[in-house]
Each structure stands twice: as C-alpha cells, then as structure tokens.
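Q: next input, structure requested:
(2 chains)
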Amino acid sequence: MTHQFPALSPEKKKELADIAQKIVATGKGILAADESTGTMAKRLQKINVENTEENRRFYRDILFSSDPSIANSIGGVIFFHETLYQKSDSGKLFPQLIKEKGIVVGIKVDKGTAALAGTDGETTTQGLDGLSERCAQYKKDGCDFAKWRCVLKISGSCPSALAIAENANVLARYASICQQNGLVPIVEPEILPDGDHDLQRCQYVTEKVLAAVYKALSDHHVYLEGTLLKPNMVTAGHSCTKKYTPEDVALATVMTLRRTVPSAVPGICFLSGGQSEEEASLNLNAINQVALCRPWKLTFSYGRALQASALSAWMGKAANKAAAQQVFCQRAKINGLASKGEYKPAATADKASMKSLYTASYVY
Amino acid sequence: MTHQYPALNAEQKKELQDIALRIVAAGKGILAADESTGSMAKRLNPIGVENTEENRRRYRQLLFTADERIDSCIGGVIFFHETLYQKTDDGVPFAKLIKDRGIVVGIKVDKGVVPLAGTNGETTTQGLDGLSERCAQYKKDGADFAKWRSVLKISETTPSELAIMENANVLARYASICQQNGIVPIVEPEILPDGDHDLKRCQYVTEKVLAAVYKALSDHHVYLEGTLLKPNMVTAGHSCPTKFSSEEIAMATVTALRRTVPPAVTGVTFLSGGQSEEEASVNLNSINTCPLLKPWALTFSYGRALQASALNAWKGELSNEKAATEEFIKRAEANSKAALGKYKSSGDSGAASKSLYVANHAY
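A: Reported below is the predicted structural model:
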C-alpha cells in the first residue's frame, strides 16, 4: 500500500488522456451502436426486419456513412465485435469509415451478466478471461476505447452490499486491463430504472454505488484521467407515481456526481435507459444548465435514444436510407447541443421522439 | 445499503453548508490557534516564556485583537478547549470577540494519538467517547466547526492498510457526530513530511489515503457539502535530497486532490506542516495558480506558518504586543492573497523563511 509500482508510463498516460478528451470534446458525445446480436433481434423485430448479418450490416452502414458533419456531435462510436469487422457498401471497413471522420472507435468487451448466487436475482458481469489479449487485438484493429456494462437494481432488498462490491471490483479489473493495452475504459455501473422508488432513493443508491466504484478504481491503480464514466441519470423508478421535471432529474444527477466523481475524470457520458429520444435530450440539456460547478464534461452515450427514430424511418427499406440518416443526424445534433446546455426544443417535438423506450428489466 | 435513513434534514444541511462556505469565502482561511497546552510549551520555550495559563491567554489575545485588516483574511479560528473559555483583559470572552467580528469559531475535539498495536509505530486518534455531548456544548458556547487530526507517516512499511483504514474510519465517525450537532467537521488526515521519500511517493500515498477517507465518509453518510478537508500539501520528505519547486508541489497536490476529493467538498484548507511562513504562502499561491480545474476553495489552515514571526516578535513582553500583532496581520494578509493566487513573494529571507520543521511533529 505504501510503494508505487507505476501501472502506466507518462507516455501511456498521455495517450489515454488524449483519447478520452477527444471523445468528450465540447459538443460531442457517443453513439452506442454496440447492440449484441440478441439485442439487435429486438430492435429489428419491432420494424419487422429479419435479424440477419446483412441486415445488421446494412443498418449500421446507414448510421456510419452519414454526412461527415456528424463528427461535430459524435466523438466516439461503440461497436459490437461483429460490426468491427463488417464493411460499408463502399467496401471500407466500418472502423476505418468512422476514424476517417475523426471519430474515435470503441468496442464493447464484456460478455454479459452472470448470476450472483445467494442474492435476490442480482448479477455481476463476466468477460475478464483473456481480456488483455482481446484488448491488444482490438487496439490493433483500430479501437481506442472500450465499454463494459454492470447492472444493479433497486428493490426492497437491492442492491446488496455484495452486488455493489462485486460489480465495482469487476469494473476496476476491466478498467485496469484496458489501460494496459492503450484502451480508454468506459466504466458503466447501470442502476436500472425498474421499480416504484422515488428520485431520492435513486440518488441515494447511485451515490453509494459510485462511491464504491471510485474506491475500487483507486485500489486497482486505475488512471482516472484516462477513463470515462457511463452512469444512469438519477431518476425515479418507472412505476413511481410521482412525476419529476428535467430540472429535478438534473439537480439530483449533478449533486450525486459532485459527491462521488473526482474532477480528474474527464467526462461523464450518460446512458439513456428507457428514456424517449426527446426526454434523453431534455434531461441532458437540463443537466448542463445546473448552476453548480461541474468539473467534468456531461454528455451522452446513447443507443436507443439516438437510433429509435432512425430505425422507424428505415423500416428495412433501402429506399429509406437517406431519410433514416437525416433523422439520425438530427438527433445527434440535438444531443450535441444538449451537451452544451444549448438545446431549445421546438414547440412541436415529433411524436416518435417522445415515445418511451422503456422495457422492463432491460438486458442487452 | 439500499434504503436511506436521512442523517440530516434540509435545514441542518443548509446550516452546515453555509458555515463551511463562510469559513472559506474568497480570500479567507483559518487561523489554527488550537495548540494544546503541551504544544504551547514547545512554542513558548524557544522564546523564553513560561508556559502558564496567563501567558497562553495573553498570547492568544494579541492574535484575536488584531485590527479589522484580518476580517477579510480570516474566515475561522480553531480554538483549544482552554482558550474557548478565556477572556480578554476587558473581560470579553474570546469566542464572543471572534464571533462578533464575523469570524467563525472552531474547536479542536480530538484527544491525541494512540498506538496501533502490531504496526510499525503507527497511530490512530482518540476522542470519540462522549463526543456528541461535547459537540452539543461547544455549539452552545459559540463553536460552529471542529477539527480532528489523524496522523500517518511514510516509511518503507508505512502507512499500512490498517493505519489508513482505521484513521479514515475514525475521521468519518467524528465527522458524522459533528454534523448531528450542527458543527462542520474539518477532516484532517495528515501525512507527516518526515522521511527521505520523493514527491511522487508522497503523491501516491496521499491519493490512497484520501480515497480511503472519502469512501469512509460515504459509508458513514457524511454530508460532504458540510465538511472541509485539511490535508498536507504533497511534498517530498524533509530528508529527500531532491528539491522541488513550488510549481511542482502545486501540480502534485492539485492532481492528487482532483483524483480523490469530490467536487461537493466545500473547501480544502491546507496544513502547513514544517514549512516556513514564506514557503507556506508561496506554495498556497502556486496551488491557486495551477492551471488545472479546481472545483473547491483552496486555502490555508495554518498554525506555525501564521504565528512564528508573531511569537518571535513578542518574546513575552508587553511592550512587544503591537509589533507581534503586526507580524500576524502581515502573514494573514499574505496568505489571503495566496488563497486568491495573487501573492508576490518579497523574496526576503528573514524569520518568514526559517523552516519550522520539527521531526515527528506531534501537537
């Protein structure tokens, strides 16, 4: 505990810090396009599209071959393994297409949740085996950051001390291994919005979870300036009878982060959970207007909240490609503004963007 | 772990945060005048003054009666128990004198260090017994903040995990009890400057210690906005052959804090350790001009580094009192500027530059 055996050289630290800063450059956030094959099934089923490798490739191509100006709002894209090795219609590998636009390429590296025996349905996340070798390969194949999702839930008995400690620890191991291989780890301790708990309860649990996460990162000698955090916003549970405004959500969220996340962390990229596209943008915007010192970037790492309208516009038809790209670019632009607190919603936000994307007990 | 049983209501939280903000208002810091009777012996001996209750009273009086120039420099004064109940020559209680001039009154509440058996000379700090009742009384008697000092040291084998964990825990218990009684806790996990370790080692240890402190504060449900931190600056050990500039000290210190101290903490009030008066001001200034984002106030809670020249000028003589008070005011103004990053060292190497390092310092 008393002697340092430096985990990273100054050059390695600089590389990691630079990558992290690039991803969360002002006005930019992350497109989470890392839906697993199983999760893509759920997306495509909703628009009556068959879940084939080609359809998945075609769909991601719509997003990734958007106008280069998308790079004004998107600093990073998270890939699923399969997608990293797929190509655009133009024949270019997707990572190359993204990188050429000046956007950083990321990769989901966890292998899903696994049950914690003796708990009330709680989980940890697996994927540490051979992770170092996998990271080294991903780095060669164009990735500069990674993502790992842990899941906690709020109920009468959850999250338990074990779930908090175990997930914090596994996140720290993952983060440490990534950094050894030049990948910036995005640390995602998601607390699900399922339940009827109120805003205060979510705030309390989020504070405890994040305190444990940052203690674990310290214990594992993780270089904070070369990490990003992907937390839930602090919201009431989905079945909570009390309703809260974006300002309520924003204040609770910022207060929680101020109490737990060291300023050395360059950026916090919120997950959207089950929020609608518009909700996710309004909340992010309100967060960036909270009148408290916010020493980290506060931006987005959205999956559904960036893609829902694009999927609906596409409907599996090649002829709809341009229209799908247009709505996607529009959401990206809006969230880019929201990450600066500059989003002014039009009086008539379109219906599709307001539709809640909540699915009970959400699993990728 | 999953349900909250709120430790404080909204009004209590607001009161605590307001007190903390007042103490570290822009350009203000803390006068640590809480030297125990034993420590006062070490102060008064070198200037040939007998360590009597009256001499201690006279000495504190010349600090507390400084003119209005200190009102914009001093946000809080930490008292020792005896001093809290002493009075000026005119019969005005010191606590009232300080409070009436808009300076927050604080009280040292720990009862000194005790050994941790099985370690290499490490300690924890005692004072939790009956602390709640003591705090309640101090609050009635005018105190709005408290101070508790834990001590760690760097050597080949220290600080051990036990020392880090035990001191973090006892600091968190103390903080929790203070807040229950409307008292802002200053949390002081001092890592001594003794040793020949370099700047990096101190930074590493400081980061580990502070991470443990803030985890403990979270575990004990302490309201961070209603606390202050009193850490050591990150410096090399006193016997380290390499010398480091104040900019290096500042960068190491601010980096360590950015990695461990949540932005919600209202202020960081550095201890001066064995630094000379001038060193302590110059280093604080560099900290405040460090180009990294610093979300908390960064100011001073100095004992020796505010009082050394004053003591030397006084030497126990009535006729020297005015001169002694002037020396104190000078250092208060210098540190006020340093807390704003506006201090320009005069470069004079008089008494102000003399190192105040005493090996293995215990109050």
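Q: any weak-confidence spans in the chain?
A: With no chain named, the answer covers chain A. A:1, A:347-356, A:358-364 (pLDDT under 70).
Q: that was the other one, I meant chain B.
A: Where chain B drops to pLDDT under 70, the residues are B:1, B:347-355, B:357-363.
Q: quick one, helices of it?
A: B:10-23, B:37-44, B:53-64, B:81-84, B:94-100, B:131-140, B:161-180, B:199-219, B:246-258, B:277-289, B:304-314, B:321-339 (DSSP state H).
Q: adding distance to chain A and mean neighbour count, write the ones you listed out as a markdown table.
A: Placement of C-beta: from N, CA and C, glycine included. Putting the helices of chain B into a markdown table (distance: least, C-beta to the nearest C-beta, whole Å; neighbours: other C-beta atoms under 10 Å in any protein chain shown) gives the following:
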| stretch | distance to chain A | mean neighbour count |
| --- | --- | --- |
| helix B:10-23 | 11 | 18 |
| helix B:37-44 | 28 | 16 |
| helix B:53-64 | 33 | 19 |
| helix B:81-84 | 32 | 18 |
| helix B:94-100 | 29 | 18 |
| helix B:131-140 | 23 | 16 |
| helix B:161-180 | 5 | 22 |
| helix B:199-219 | 4 | 23 |
| helix B:246-258 | 4 | 22 |
| helix B:277-289 | 14 | 25 |
| helix B:304-314 | 27 | 24 |
| helix B:321-339 | 17 | 21 |
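Q: which residue sits closest to residue 192, ignoring its sequence neighbours?
A: Picked chain A for this. Closest residue in space to A:Leu192, ignoring its immediate chain neighbours: A:Lys153 at 4.6 Å, by C-beta to C-beta, 6 or more residues apart in numbering or on different chains.
Q: let's do chain B instead
A: B:Leu192's closest residue in space is B:Lys153 (C-beta to C-beta, 6+ apart), at 4.6 Å.
Q: would you confirm that the one you found contacts B:Pro193?
A: No - B:Lys153 is not in contact with B:Pro193 according to C-beta atoms under 8 Å; the separation is 9.2 Å.
Q: tell me which element the most centrally placed residue in chain A falls in.
A: Nearest to the geometric centre of chain A sits A:Ser301, at 3.8 Å (C-alpha atoms, centre = their mean). Using DSSP states H and E, A:Ser301 sits within strand A:297-302.
Q: helix or strand next in line after that strand, which one?
A: Next along the chain after strand A:297-302, taking DSSP H and E as the criterion, comes helix A:304-314.
Q: contacting residues around that following helix?
A: A:31-33, A:43, A:46-47, A:59, A:62-63, A:272, A:274-277, A:279-281, A:300, A:320-321, A:323-328, A:330-332, A:335, A:350, A:352-353, A:355, A:357 (C-beta atoms under 8 Å, 6 or more residues apart in numbering or on different chains).
Q: determine the angle, from 0 to 180 degrees, between the helix or strand that that helix is followed by and strand A:297-302.
A: Once the chain leaves helix A:304-314, the next helix or strand it forms, by DSSP H and E, is helix A:321-338. Counting by axes from the mean of the first three to the mean of the last three C-alpha atoms, to 10 degrees, helix A:321-338 points 150 degrees away from the direction of strand A:297-302.
Q: closest point of the stretch 1-150 of chain A to chain B, which residue?
A: Nearest residue of the stretch 1-150 of chain A to chain B, counting by C-beta to the nearest C-beta: A:Gln4, 4.1 Å away.
Q: how about the contacts made by that residue?
A: So A:Gln4 contacts B:200-201, B:204 (C-beta under 8 Å, 6+ apart).
Q: quick one: B:Ile103 from B:Ser272, how far?
A: Computed as C-beta to C-beta, to the nearest Å, the B:Ile103 to B:Ser272 distance reads 19 Å.
Q: who has more neighbours out of the two?
A: B:Ser272 (25 against 22; other C-beta atoms under 10 Å in any protein chain shown).
Q: quick one, what contacts the closest residue to B:Glu326 other than its chain neighbours?
A: Nearest residue to B:Glu326 in three dimensions, chain neighbours excluded: B:Ala313, at 7.6 Å (C-beta to C-beta, 6+ apart). Residues near B:Ala313 by C-beta under 8 Å, 6+ apart: B:320, B:323-324, B:326-327.
Q: try it again with 6 Å
A: Neighbouring residues of B:Ala313 by C-beta atoms under 6 Å, 6 or more residues apart in numbering or on different chains: B:320, B:323-324, B:327.
Q: what strand or helix carries A:Ile186?
A: Judged by DSSP H and E, A:Ile186 forms part of strand A:184-191.
Q: can you lay out the contacts of A:Gln4 as a markdown table showing distance to A:Gly182?
A: Formatted as a markdown table, the contacts of A:Gln4 follow (distance: C-beta to C-beta, whole Å):
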| residue | distance to A:Gly182 |
| --- | --- |
| B:Lys200 | 23 |
| B:Arg201 | 27 |
| B:Tyr204 | 23 |
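Q: which helices and strands sit right next to the helix or strand hosting A:Ala163?
A: Assessed by DSSP H and E, A:Ala163 sits inside helix A:161-180. Judged by 3 or more C-beta pairs under 6 Å, 6 or more residues apart in numbering or on different chains; DSSP states H and E, helix A:161-180 is in contact with strand A:123-125, helix A:131-140, strand A:145-152, strand A:184-191, helix A:199-219.
Q: packing partners of the fourth one?
A: Pointing back at strand A:184-191 there. So strand A:184-191, by 3+ C-beta pairs under 6 Å, 6+ apart, packs with helix A:10-23, strand A:145-152, helix A:161-180, helix A:199-219.
Q: around chain B, pick out the residues from the stretch 251-364 of chain A.
A: The stretch 251-364 of chain A comes close to chain B at residues A:258-260, A:262-264, A:293, A:295, as judged by C-beta under 6 Å from any C-beta of the partner chain.
Q: at 10 Å what do you get?
A: Proximity of the stretch 251-364 of chain A to chain B, by C-beta under 10 Å from any C-beta of the partner chain, involves residues A:254-265, A:292-296.
Q: now, those residues that are in helices?
A: Those of these lying in helices (DSSP H): A:254-260.
Q: name the member of these that has the highest neighbour count.
A: Going by other C-beta under 10 Å, A:Leu257 tops these with 29 neighbours.
Q: residues in contact with the nearest residue to that one once chain neighbours are set aside?
A: Nearest residue to A:Leu257, sequence neighbours excluded (C-beta to C-beta, 6+ apart): A:Ile268, at 6.2 Å. Counting by C-beta atoms under 10 Å, 6 or more residues apart in numbering or on different chains, A:Ile268 touches A:24, A:228-231, A:253-254, A:257, A:261, A:287, A:294, A:296-301.
Q: for B:Asp18, same thing?
A: Here B:Asp18 is in contact with B:144, B:184, B:225-226, B:266 (C-beta under 10 Å, 6+ apart).
Q: out of those, flag the one nearest to chain A.
A: Closest to chain A, out of all of those and judged by C-beta to the nearest C-beta, is B:Glu225, at 8.0 Å.
Q: for the nearest residue to that closest one once chain neighbours are set aside, give me its contacts.
A: Excluding the flanking residues, the one nearest B:Glu225 by C-beta to C-beta, 6+ apart is B:Gln17, at 4.5 Å. Applying C-beta under 10 Å, 6+ apart to B:Gln17 gives the contacts B:184, B:223-227, B:264, B:266.
Q: same deal with B:Leu228?
A: B:19-20, B:23-24, B:30, B:76, B:106, B:145, B:147, B:184-188, B:265-269, B:296-297, B:299, B:301.
Q: repeat that for 7 Å
A: B:Leu228 is in contact with B:20, B:23-24, B:184, B:186, B:266-267, B:269, counting by C-beta atoms under 7 Å, 6 or more residues apart in numbering or on different chains.
Q: closest to B:Asp89 among these?
A: Closest approach to B:Asp89 among the contacts of B:Leu228 (C-beta to C-beta): B:Ile23, at 27.6 Å.
Q: wait, doesn't the closest one sit right on B:Ile74?
A: No - using C-beta atoms under 7 Å, B:Ile23 is not in contact with B:Ile74, being 9.4 Å away.
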